Each structure stands twice: as structure tokens, then as C-alpha cells.
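Enquirer: next one to model:
(chains A, B, C and D)
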There are 2 protein chains.
Amino acid sequence: MRYPASETAEKHTRILAHASRLFRERGFDGVTVAEIMNGTGLTHGPFYNHFASKDALIAESLSYACAEAMGDLSAVQQSPEDVRAYVAGYLSTRHRDTPGEGCVLPSLGAEVGRAPLTRPGVTSHVRGMVDKFTEYFPWPGKRNRRRNSIRLLSAMVGAQLLARAVDDPVLSEEILAAVRSEIA
Amino acid sequence: MRYPASETAEKHTRILAHASRLFRERGFDGVTVAEIMNGTGLTHGPFYNHFASKDALIAESLSYACAEAMGDLSAVQQSPEDVRAYVAGYLSTRHRDTPGEGCVLPSLGAEVGRAPLTRPGVTSHVRGMVDKFTEYFPWPGKRNRRRNSIRLLSAMVGAQLLARAVDDPVLSEEILAAVRSEIA
DNA sequence: TGTACATCAGTGAACGCGCGTTCACTGATGTAC
DNA sequence: TGTACATCAGTGAACGCGCGTTCACTGATGTAC
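Expert: Numbers count the residues shown, from 1 in each chain, chains lettered A, B, ... in the order given. This is a model prediction of the structure:
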């Protein structure tokens, strides 16, 4: 049946939000189109009213998640304490244990490298994060701010990847703590 | 037909080597059992003479790749130059562009976190790499060697993940160079 | 304002394909005598 | 040493299932008059 036009855009956003969460939790191949649609209270049929294909949804949902993450990062004030709190939150066990709500880079970065449609959006997201870090992070000197930002972002992403891969909770926590202490 | 018993073990190893390369290139779901077997010159039938399931192959091929990588790392002499060369090689564009021959952590780390069978093997691999770095890396002082090793490994893994995800060759190279300069 | 009709997001069955897995069969190897 | 037979890694067709995608149909909404 026909539905109020106002709901269509909202449903589109709900699909993106739910899809990006599931993809981060299980990877692109670990989630079915039907499951995404069911999670938004619909059947799988109208999926193709919203997206040309699953690949198109993957690309759009990643852009959605990146935009949301950049919004969170921009909301952080420029005070050193707030920036440090952001990094500490990134390296928290909570972030490790809830990948569906977290950064797409540790959970989907490798798959992005193999999925051409997703790369442009993620590239500008990475560039945006490096720029923000370079601008706002309380680095000691003026020199090498950008280089230090890239190092820190790499270590943050790698640490979450390793902390999630590793089986031993002690080692996992040690990895997060090691990188966390870099900004203490 | 029956084949010389001596060939069986060698075929088993060939399957592991080829599978681990393809998995690193395309992810666990991006490679089919038939493709792996064809790549070793066989049809897909005898796969189940060697492995209980695709999941079992995934776990075993990852352990194989980790063992091989630890062998390479152990072959590095303890001289500071050789250790630095190892890290520089890890952060090279060559490694970025040939994931099938490279470290499993940037290419498969996220999937490992979701595949319980693979986690024990990868956990001991991560522990082994941290131990080697702690022991041999030419850190300036005696304090914090282990913490610095974890930071460096995290940055190396994260940098390769990002360098592969990113679309822009300039940014990609900048990421690798930033972490490379950390040990210069 | 009320009525007839066109619209189109939704439903849910069906399709086609690919992949993991199974299995009846083959035939050179290794063994028993 | 030669011969008959059991073994078992291989072949390749087939199975079953799940998933992405399609489509005939539904019926409340929005529109024309």
C-alpha cells in the first residue's frame, strides 16, 4: 500500500543506520539484505525501492557512518582535555566490545580496500580525521603535527583491530592501554 | 586413483599456502573451496580428504601463515639495522600492494575477531611479535620497551590497513612514511 | 466537501545462481602370498 | 620375483541451502474533478 511521503526519507535513513551497524559487527558478507530490512520493521521487498543493489547500500551506509563519526569528532571542543578524552574513548574496552557503534576503520578497513565503491568516502573520512587531529590535538611543538597525527591515528586503528582479534583479555587490555598512555 | 603417500603431506601444505594467500587477498568469504583446490592443480572433491570444513581450513591456513611470518621475523638478526629494515619492509608500498604475501593482521585481523576458531592461533602470533620486538628492537632505554613495542606494532598494522583502504596514492604513501619515520 | 481514480511503497512468493558439501566411481599404488 | 587384491586420493556430477534480486499483487494516500 501507499505510505505518507514524509516517511520514505526517514525509512531510508533507518536502513542506512541499521545496515552500517550490522556491517561493522559482522562484515559485508555476514549480513543479508533481508536481515537489514527486517531490522527496520520491513520485509526485504522494498529494499530495491531505496537502493540499486547491496553494493550500493554498502557504499552509502559507510558514507553515512563516516559522516556521523565526523560529526562526533567535530563536537569535541578544542581543549586538550576533550581531545584526550576522545582518544581515550576510542581506545576504551567499551569501543572494543561494541564495534557496531564504533569507528568503521578497524572493523571494515580491510574490506574497504577490496571494495572500490567504498574507497572514496572512506578516503575523505581518513583525510578529515588526520586534519582534525593535526589542528586540535595538543601536540607539544608546531613541527611534525601532521606526522604525529597520522602515527596516532594508525596506532589507534591498529590497537582496536588487535584488541578485538586477540583471545586473551589481559593482552587485549594491555594493547589498548599501551596506546592510550601515548597521550597521557 | 591412489597416489604415492609421500605426496599427500606436500599437497596438504600446498593447499594451506595457496588458501592463506587468497584469504589475505580477498577475505574468507571472497574465496571458494573450489578455487583454492584448482589453484593447487586439483579438483574440489578431495578437499574433504584434507580438512573437515572450510572453517577448519581457515583456522589451519591462518596458523600456517602466522608460523611462516614468525619464521621470517626470527631470521632477522638482532642488529638494529636489520630490525629497522624489517619494520621498513613492513611499511613498504610493496607490502601494501601484495597483501597475499604479507602479514595477516591488517588484511584479516577484523575477520579474525569474528571467527572464534582462528583467534587462539592469531593471539599467540601477536604475543610472539610483541615479545620479539620487546627483545630485539633498538629502543633507547630499558624502560617501557614492551609498551613501545605494542605501540609500534599497532601503528604498523593500522598504517597498512589505512594505506590499503585509502584511494589517494599520495595520502597512502604519506601514512606509510609517517610510521616508517618513527624508527628512523 | 465528497467521490473516483491513479499512484507507489509495501507484501511475500518465486527465481536463479553460487557455494559448501556429498558420493558413486576410478585406477595406480602398496601389500599379501 | 610375479600375480591378485585391497586401498584410498583422486574425479566430477549432483544436492541442498541461502542469498541477492525480481515481480504480480495490495490497498492507503494523495489528487482531479
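Enquirer: tell me how many other residues crowd the one residue in chain A that gets nearest to chain B.
Expert: Closest residue of chain A to chain B, Cβ to the nearest Cβ: A:Gly158 (2.9 Å). For glycine as for every other residue, the C-beta is placed from the backbone atoms N, C-alpha and C. When counting by other Cβ atoms under 10 Å in any protein chain shown, one arrives at 32 neighbours for A:Gly158.
Enquirer: which residues are in contact with it?
Expert: By Cβ atoms under 8 Å, 6 or more residues apart in numbering or on different chains, A:Gly158 lies in contact with A:106, B:105-106, B:153-159, B:161.
Enquirer: cool, and A:Gly128?
Expert: A:Gly128 neighbours (Cβ under 8 Å, 6+ apart): A:70, A:73.
Enquirer: now swap in the one 10 residues further on and tell me
Expert: With contact set as Cβ under 8 Å, 6+ apart, A:Pro138 has these partners: A:80, A:83-84.
Enquirer: and the closest residue to DNA strand C within chain A, how far from B:Arg151?
Expert: Here chain A gets closest to DNA strand C at one residue, A:Gly45, 2.4 Å apart by Cβ to the nearest atom of the strand. A:Gly45 is 50 Å from B:Arg151, where distance means Cβ to Cβ, to the nearest Å.
Enquirer: quick check: closest non-adjacent residue to A:Leu171.
Expert: Excluding the flanking residues, the one nearest A:Leu171 by Cβ to Cβ, 6 or more residues apart in numbering or on different chains is B:Arg127, at 6.2 Å.
Enquirer: and the pLDDT at that neighbour?
Expert: Per-residue pLDDT puts B:Arg127 at 98.
Enquirer: and the contacts of A:Gly158 as TSV, adding distance to B:Arg146?
Expert: Formatted as TSV, the contacts of A:Gly158 follow (distance: Cβ to Cβ, whole Å):
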residue	distance to B:Arg146
A:Pro106	22
B:Leu105	18
B:Pro106	22
B:Leu153	11
B:Ser154	13
B:Ala155	15
B:Met156	16
B:Val157	17
B:Gly158	19
B:Ala159	20
B:Leu161	23
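Enquirer: low-confidence ranges in chain A?
Expert: Counting by pLDDT under 70, chain A contains low-confidence ranges at A:1.
Enquirer: 80 instead, please
Expert: Regions of chain A meeting the criterion pLDDT under 80 cover residues A:1-6, A:77-78, A:80, A:138, A:140-142, A:184.
Enquirer: quick check: residues of chain A near DNA strand C?
Expert: Residues of chain A lying near DNA strand C by Cβ under 7 Å from any atom of the strand: A:1-3, A:7-8, A:11, A:42-46, A:49-50.
Enquirer: need the residues you listed in JSON lines with neighbour count, can you?
Expert: Converted to JSON lines, those look like this (neighbours: other Cβ atoms under 10 Å in any protein chain shown):
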{"residue": "A:Met1", "neighbour count": "2"}
{"residue": "A:Arg2", "neighbour count": "4"}
{"residue": "A:Tyr3", "neighbour count": "9"}
{"residue": "A:Glu7", "neighbour count": "10"}
{"residue": "A:Thr8", "neighbour count": "13"}
{"residue": "A:Lys11", "neighbour count": "17"}
{"residue": "A:Leu42", "neighbour count": "17"}
{"residue": "A:Thr43", "neighbour count": "9"}
{"residue": "A:His44", "neighbour count": "13"}
{"residue": "A:Gly45", "neighbour count": "9"}
{"residue": "A:Pro46", "neighbour count": "14"}
{"residue": "A:Asn49", "neighbour count": "10"}
{"residue": "A:His50", "neighbour count": "16"}
